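> Sequence unavailable; structure follows:
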């Protein structure tokens, strides 16, 4: 059985090249968050993301207003994220925890109610459906995406310890919980890279999209996903395909930043 070493939460474990049910068990805590859905942190950050981030962005103001509405003291903002997220430039640990919460919580909610263990693969949602569903989740904060993406793009602990690992976990989940065929060895990495590049490219497009209800973003996401998956079938050299997807994403990032 092929496997690879993966470091998570300070320890190493073996993970299979192909998706396996044991890697998608949903724990009480929403890892890598250190708290569960019944905790004050979860309630505060969830409300902030729903009601205040669309207006005030990823800021302490969004968290403080959420604290006030839930009846918690404003001073609690200093303890949210305390040892979980590093500070970043002018952003506090609480704001960094809010960014992390946005990535992790939406990844978990994307696949709620889907159980590949008891559902025929042919009855599972398509990869395209899950990709578009994840983009739908960010329509509410569409006006704040440019700022969010700019924070995530800067080389930092947030990028390497949270953003990139979460991107790969999201791609893993979209493949595992969809009706996509499983792959072994390096082909699995190529497919994950294709999904990751499509998602990031679509989020960058969404951050600049002025069309009604982000109609152009969803058209772009479907076209890009079909293109990279179709090319993946034709490339005999997996490394060549991986390089293509990486470079196409880099070029897209450059063009989108230029537009901004």
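Structure's in. What do you need? In this text the structure is predicted, and so the values were computed from the model without any measurement. Numbers count the residues shown, from 1 in each chain.
> how many neighbours does the residue nearest to residue 152 when sequence neighbours are not counted have?
Excluding the flanking residues, the one nearest residue 152 by C-beta to C-beta, 6 or more residues apart in numbering is residue 163, at 4.6 Å. For the C-beta atoms, the positions are set from N, CA and C on the backbone; glycine is no exception. Neighbour count of residue 163, defined by other C-beta atoms under 10 Å: 21.
> isn't residue 163 right up against residue 103?
Yes - using C-beta atoms under 8 Å, residue 163 makes contact with residue 103 at a distance of 6.9 Å.
> for the helix or strand harbouring residue 196, packing partners?
Taking DSSP states H and E as the criterion, the element that holds residue 196 is helix 185-208. Taking 3 or more C-beta pairs under 8 Å, 6 or more residues apart in numbering; DSSP states H and E as the contact definition, the neighbouring helices and strands of helix 185-208 are helix 127-136, helix 145-153, helix 164-176, helix 215-234, helix 238-259.
> Of these, which shows the lowest average pLDDT?
Least confident of those, judged by mean pLDDT, is helix 238-259 with a mean of 50.
> Who are the contact partners of residue 105?
Applying C-beta atoms under 8 Å, 6 or more residues apart in numbering to residue 105 gives the contacts 30, 33, 45, 46, 49.
> Now render these as TSV, adding pLDDT and neighbour count.
Conversion of the contacts of residue 105 to TSV gives the following (pLDDT from 0 to 100; neighbours: other C-beta atoms under 10 Å):
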residue	pLDDT	neighbour count
30	78	19
33	90	22
45	97	27
46	97	14
49	97	22
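> Kindly indicate which of these lies nearest residue 80.
Lowest distance from residue 80 to these (C-beta to C-beta) belongs to residue 45, with 7.2 Å.
> List the residues that contact that closest one.
In this structure, residue 45 makes contact with 63, 66, 80, 97, 98, 101, 105, judged by C-beta under 8 Å, 6+ apart.
> In helices, which of those residues fall?
Of the contacts of residue 45, the ones assigned to helices by DSSP state H are 63, 66, 97, 98, 101, 105.
> Tell me how many other residues crowd the fifth one.
To tie it back to what came earlier, the one meant is residue 101. For residue 101, the tally of surrounding residues (other C-beta under 10 Å) stands at 25.
> Surely it is in contact with residue 32?
No - taking contact to mean C-beta under 8 Å, the distance of 10.6 Å between residue 101 and residue 32 leaves them out of contact.
> for residue 107, helix, strand, or coil?
helix (DSSP: H, G, I helix; E, B strand; the rest coil).
> follow-up on the earlier one: would JSON lines of the ones in helices among the contacts of residue 45 with pLDDT be doable?
As requested, the ones in helices among the contacts of residue 45 are exported to JSON lines (pLDDT from 0 to 100):
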{"residue": "63", "pLDDT": "96"}
{"residue": "66", "pLDDT": "97"}
{"residue": "97", "pLDDT": "92"}
{"residue": "98", "pLDDT": "94"}
{"residue": "101", "pLDDT": "95"}
{"residue": "105", "pLDDT": "95"}
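> of all those, which comes closest to residue 153?
The shortest approach to residue 153 among the ones in helices among the contacts of residue 45 belongs to residue 98, at 17.3 Å (C-beta to C-beta).
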